[in-house]
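**Student:** test case, fold it:
(3 chains)
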Amino acid sequence: MELKIRKSGENYIIDVNGEMDLYNSYKLKELVMKMLEKKVERFIINLENVDYIDSSGIGALIYICSTIKKMNLRLIITNIHGSVKKVIELTKLMGYFPITQTIEEALQKMEA
Amino acid sequence: MSTLRKEEAVKQIKVDENSPLFDRTGLLHKEFPSDFRQIRYFTLLIVQTAPPDIKEINLLEQQISEIIKNAVKHGNRCDMEKKVRVWYSFSPEHAHIIVEDEGEGFKDLEKWNEFNRKRQTLLEGDDFTALADYVSFRGAAADDNDGGNALFAALEYWNGGFVFNQKRNAVAMLKHFPRRHLGVAKESEN
Amino acid sequence: MFLDSIMTALNGPSLAKFAVAALSLVLFLSLRGKDAEGLLSRLAFFSAILLARDLAFVLLPSADLYRLSDLVVFCLLAWLVTAPRGGWALWASIAANAAVMALMIVKLAFGIAPGLPTELARYFAMAPILLIVVRNVSREGEAEPARKAISGMALPIAIVSFCYLVGGSILGTGSFWFHAFIVPVFYGFILWVAVRFMGIAENQLVSAVSYYEESVDSLYELLLPSGQGSSGGVAMQESLDNMARVISERTGAESAAILLIEEFDEAITVRSIHGRFAPPFKLPDTIPRTEDRVNSFLRHARFRLGEGLLGEAAKAGNPLLVAEAALDSRVARNGDEDWLQISSLMVVPLVVRDRIIGVIALERSAGVPFSESDFDRAKLLSNFGSIAIANSFSFLEAAERSDIEREAAIAEGIQKTIVPAKIQPLGSYSIGALTVPARGVCSDYYDVIRLRQDKAVLAVGDVAGKGVAAGLVMVMVSSILRLITNSTKDMATLMAWVNRGIAGQVDLDHFATLGLVCVDAASGVLEFSNAAHQPLLIYRVDSDAVETVDIKSIPIGVERTTAYQDKKVRLAPGDVLVMHTDGLVEAMNDQGKQFGRKNLAQSVHRHHGLVAKEMAEAILADVQEFSGRTRQHDDQTILVMKSKP
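**Tutor:** A predicted model of the protein is given here:
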C-alpha cells in the first residue's frame, strides 16, 4: 500500500493506492496522526485506487474518523467503490462515515 | 452441498453444536499452521477454487480472511504449532465454510451479541451520534490492529447461517447466492 | 318512359336537389375508404336514401308519400347524429315514427280514418330531431372532439330541419319552390355538416400523427447512447442518466429519479436523479432539510419491494399517476421548502418481458398537473428505456463471461509457454514431467534449468490463485530463476532471491509454493530447498522403500526477508526422485477422501521400474483411477527423475 499526499487549498488529500488489509492499514492511521500533529485540519481520504479493505482497514478509518470528529476537524472519504463499498455497506457504516462520490464534491462540501 | 433454508435477518451469532452447517461431507479440506503472516495466502488457497461469479471481485476472499484471521490470531494466538483446519465448498449458488482452531473458544460471544443488539437499535433509529460508540467491538484480547467490525459484516454477509460449536472454537457459515436475475417476475393480475 | 320522366325532372326545379344528393352520395362513397368508423358509409347510405326517395317522387309524385318518406329521413338523420350511442331514446322515437308511418300507410292505402291529417306525419318527423337536441345538450362533457363538434351542431341541424318541415308545410309538399329551393338547401346543409365533421376528424388524425412523431423523436433521443466509447458500468450509468433526462423533458417533468431492483436482493435503490427530485416518501426527521443532505440521503435510499409508494410500484408493476399530489395521502409532505414540494407525480415501473426491473418517478413541483397524454408518453418511453437497460445488463453479463473465459484461456496459454515441452536427459539421469491442469486454474509450474551438461535445477511450484494473475507470477518466478541459476549460490540463497523478487509487489496475489532441487548428475548429489512446497519423495533401491525429504518453510511472496534452508541428499543408481504439487495428494474421490501422501508413496514404489516419463504417467493414472469421476479442482503436476541403475 502506498500513500501520497497532495494539497488543494487548505484541504489535504491522501491518495491511498493498493489494498488496506490487516498488514498495512496501520500505515494510514500513523500518517493521519502525524498530519494531525502538524496541525492539518481538513482531510480528504481518496480511496479511488483501493479495491480491497478488511476489518483492520475499516477499523483504521473508524479510528481516524472518530479522532478527527473529537478534535472538531473535518474529514471526508471519497471514491469508494466495488468491494470496498460493499464492505462499508455490510458494516452499516455508510451513514457514519462522511462520504462523497468524488473529490470535487468533497472539496465543495469542505467549503460549505 | 447441504441445502439449507435461507434464514431471514440473522441478527445474532448462534451456538449450535448440531447445526447441519457443521456437516463436513463432500467438503474440501486444508490445514494451516497459525502463521499470522500467511493469513491472506491461506485465504487465497481456499478461495481460488470458488467460481468467479460468487467472488464479487474480492468480497468473498475478504470475508473468509476475517474468519481465518480470528482463528489464527484470537483462537490459536499465532502459535505456529497450532493448526487451523478449514472445510469448504463452493458452487455458483453457495459458499460453505467451517473453520476450526485449537483455542479455548470465543468467550465473549454473548457480550458480542448484546453489543450488536444495541448497535442494531441505534442503526434503526438513525442515531449516528450514539452509534459512534458501537462501531467497534473490543473483546478482552483486542489490540489496536483489530478493527472490531469483522463480525458485524459477517452476520450480514453469511445469509445462510453463522454458528459456533459448543466449545466456540469452530465456526460454520453458509452464503446463498441467488441466481443472478434481472428484476422480479411481474405478478399476474387478479 | 321512366327515362323521360327523369329527364323532365332534371330539366325542371328538381335539378338542384338531385345535384346535391348525387354529389353527396358520390363524395361519401369515394371517401368511404378513409373512414374507419364507418360514418362515411352511413352518410353515403343516407345520401342514397335521399336520392332514392326523390327519384321515387319523380315516378310517383304523391305529396303524401313524400311526407311519409320524411319520417324515414329524419329517423336516419337522428341515428346518424347520435350513433353509436342513441340508446333507448333513439329507438323509441324511431319506433314512434314507424308506428305513425304504418298508420299513415294504412290510412292512404285503405282509406281508414280520413280525418287524420297526413300533415301529422310531418310533425312526428320532428321527434327524432328534438331528441338530438335534447341528447346533445346533455353531451356537454363529451371528450372526443369530433363528437363534440357534432353535438355543437345539433341545434343548427334541428333548426334547419324544422325550417324544412315548416317550409314544406307552408309551401306544400308538392310545390315548385319546395323542391327547387327548400329541399336542396336542406340537403346542402347536411352535406356541409358532414364535411365539417370530416374536417375535424382529419385534424384529429393529424394531431395524433404529430403526437406519435414526437414520441418517435423521444424514443430516438432516449435510445441514442450518449456514452460512446465508455465501457461497462460507466456506460450503464450514462444510459440511466440520459433516460431520466429525456423522459423528464419529454413529459414536461421538472425532475425524475430512476430506481432499479438490486441484482441479488429484493430491494430497489436510487440509481439516477435528474433535476431537484423531492422525495415522495417520508424523510426521517433527523435529516436536516438542506438540499445537500436530502440529496445525499436520496442517493443512498433503499426500499424493499412493496415498501412505500415506490416499492409498491416496483412490486406490483402498475403505473401510477397522482395528478394532484397535495390531495393524495400516499405522497409525503416533507417540509415547506419549495424544492421539497411535489404537486404532481407519476411512477412508472420499468418492465421487460414481464419482469419488473425498476421504476421511474417523475415530478412537477408546481403548476399544471400531469395529463393523461403526459402519462401515456411516460409509459411509452419507459417501456423502451427498460429494454435498453435490460440489454445493457445482458451485454455486461456476456462481457463478463467472455472476460472470464478469455482469462482462463490466457492463463492456459501462459502455462503452456512457460512449462518445458520436452526435457532432455541429464547425463545418466532421465527426467519425465507432466502437468494436468484443472479447468480455469493453470497455476502449477515446473521447469528444468540446465546449467551444464550434467547439472540442472529442477523447479516445481504452485502459484496461489488462478487465471492471468497466477500466470504473471509464474512468469516472474520463471524469469528470475533462469537469471539467477547461473550463479554458484546455494539453493537457499536462490530461494531467498526469488522471494525478494516477487514479494512486495503492489496489488498482486503474489504467493507461491516452490521446490528447488539442484542436481549434479555426475556425483548424484541433490541440493534441495523448499518454500512451503510438497516434500520430495525418493525411492531407494537399497531399502526398496520411499523416503520423504521435507523442510518446513513459508511460501515465497509473503515476507521479503524470509530466510530459507537447504538440504543435501545423494541419489544412488536406480534411485528415483519425485516432485509433485498438492493438487495430486489432495485429489478427491466421490467419498470425499483425499489421495494422500501414503497412496502416492505406494504408487511411486509400484512404478519405480518404469522409465521416468512412463513412471510419471503411471502415477498420474493411479490418481485418476482413484478420483474416478470426481471433478478435478486443482492442477496436478509430477516430475520424476530417475538415476540410471
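**Student:** look up phi and psi at the closest residue to chain B within the stretch 301-450 of chain C.
**Tutor:** Nearest residue of the stretch 301-450 of chain C to chain B, counting by CB to the nearest CB: C:Ile357, 3.4 Å away. All C-beta spots, glycine's among them, are computed from the backbone N, C-alpha and C. Note on C:Ile357: backbone dihedrals following degrees, to the nearest 10 are phi -110, psi -10.
**Student:** what's around it, how many residues?
**Tutor:** As a burial measure, C:Ile357 scores 23 neighbours (other CB atoms under 10 Å in any protein chain shown).
**Student:** can you tell me the helix or strand for the residue most central in space within chain A?
**Tutor:** The residue lying closest to the centre of chain A (CA atoms, centre = their mean) is A:Ile45, at 3.3 Å. Taking DSSP states H and E as the criterion, A:Ile45 maps to strand A:42-53.
**Student:** which positions within that strand qualify as buried?
**Tutor:** Going by neighbour count (16 or more other CB atoms under 10 Å in any protein chain shown), the buried part of strand A:42-53 is A:42-47, A:49-53.
**Student:** what of stretch C:69-76?
**Tutor:** For stretch C:69-76, the neighbour count (16+ other CB under 10 Å) marks C:69-76 as buried.
**Student:** could you dump those residues to CSV with distance to C:Gly596?
**Tutor:** Output for those, formatted as CSV (distance: CB to CB, whole Å):
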residue, distance to C:Gly596
C:Ser69, 111
C:Asp70, 112
C:Leu71, 109
C:Val72, 106
C:Val73, 107
C:Phe74, 106
C:Cys75, 103
C:Leu76, 101
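**Student:** pick the one among those closest to B:Arg179.
**Tutor:** C:Leu76 (66.0 Å; CB to CB).
**Student:** using the three-state scheme, assign that closest one.
**Tutor:** helix (DSSP: H, G, I helix; E, B strand; the rest coil).
**Student:** test my guess that it contacts C:Ser47.
**Tutor:** No: counting by CB atoms under 8 Å, C:Leu76 stays clear of C:Ser47, with 10.3 Å between them.
**Student:** follow-up on the earlier one: thought the residue of the stretch 301-450 of chain C closest to chain B was touching B:Leu182?
**Tutor:** Yes: between C:Ile357 and B:Leu182 there is a contact at 5.7 Å, judged by CB under 8 Å.
**Student:** residues from chain B in reach of chain A?
**Tutor:** Within reach of chain A by CB under 8 Å from any CB of the partner chain, chain B has these residues: B:39-40, B:56-59, B:62, B:65-66, B:69, B:123, B:126, B:128, B:131-132, B:135-136, B:144-150, B:152-153, B:156-157.
**Student:** follow-up on the earlier one: what score does the residue nearest to the centre of chain A have for pLDDT?
**Tutor:** Note on A:Ile45: pLDDT of 95.
**Student:** and the closest residue to C:Gly311 other than its chain neighbours, helix, strand or coil?
**Tutor:** In space, and not counting its chain neighbours, C:Gly311 is closest to C:Phe303: 4.0 Å by CB to CB, 6 or more residues apart in numbering or on different chains. Classification of C:Phe303 using three-state DSSP returns strand.
**Student:** for the residue of chain A found nearest chain B, which residues are in contact?
**Tutor:** Closest to chain B within chain A is A:Gly59: 2.7 Å, counting by CB to the nearest CB. Neighbouring residues of A:Gly59 by CB atoms under 8 Å, 6 or more residues apart in numbering or on different chains: A:25, B:136, B:145-149.
**Student:** just the closest of those to C:Asp462, please.
**Tutor:** Of those, the one sitting nearest to C:Asp462 (CB to CB) turns out to be A:Ser25, at 28.6 Å.
**Student:** for C:Lys107, give its distance to C:Lys613.
**Tutor:** C:Lys107 sits 125 Å away from C:Lys613, going by CB to CB, to the nearest Å.
**Student:** for B:Asp79, what are its contacts?
**Tutor:** By CB under 8 Å, 6+ apart, the neighbours of B:Asp79 are B:Ser34.
**Student:** at 10 Å what do you get?
**Tutor:** For B:Asp79, the contact set (CB atoms under 10 Å, 6 or more residues apart in numbering or on different chains) comprises B:33-35, B:72, B:101-103.
**Student:** that one in helix, strand or coil?
**Tutor:** B:Asp79 - assigned by three-state DSSP - is coil.
**Student:** from B:Val72, how far out is it?
**Tutor:** Taking CB to CB, one finds B:Asp79 at 9 Å from B:Val72.
**Student:** cool, and B:Pro33?
**Tutor:** Distance from B:Pro33 to B:Val72, by CB to CB: 9 Å.
**Student:** can you pull the pLDDT of residue 81?
**Tutor:** You didn't pick a chain, so chain A it is. pLDDT, A:His81: 89.
**Student:** think we crossed wires, I meant chain B
**Tutor:** 92.
**Student:** then the one 3 residues further on?
**Tutor:** At B:Val84, the model reports a pLDDT of 96.
**Student:** so which bits of the helix ranked longest in chain A are buried?
**Tutor:** Using DSSP state H to assign secondary structure, the helix with the most residues in chain A is helix A:55-70. Across helix A:55-70, burial judged by 16+ other CB under 10 Å covers A:55-66, A:68.
**Student:** next, the residue of chain A found nearest chain C: phi, psi?
**Tutor:** Distances between chain A and chain C by CB to the nearest CB are smallest at A:Gly18, namely 4.9 Å. In terms of degrees, to the nearest 10, the main-chain angles of A:Gly18 are phi 110, psi -150.
**Student:** can you map out the strands along chain B?
**Tutor:** For chain B, the strands defined by DSSP state E cover B:14-15, B:28-33, B:83-91, B:94-100, B:162-164, B:170-176, B:184-185.
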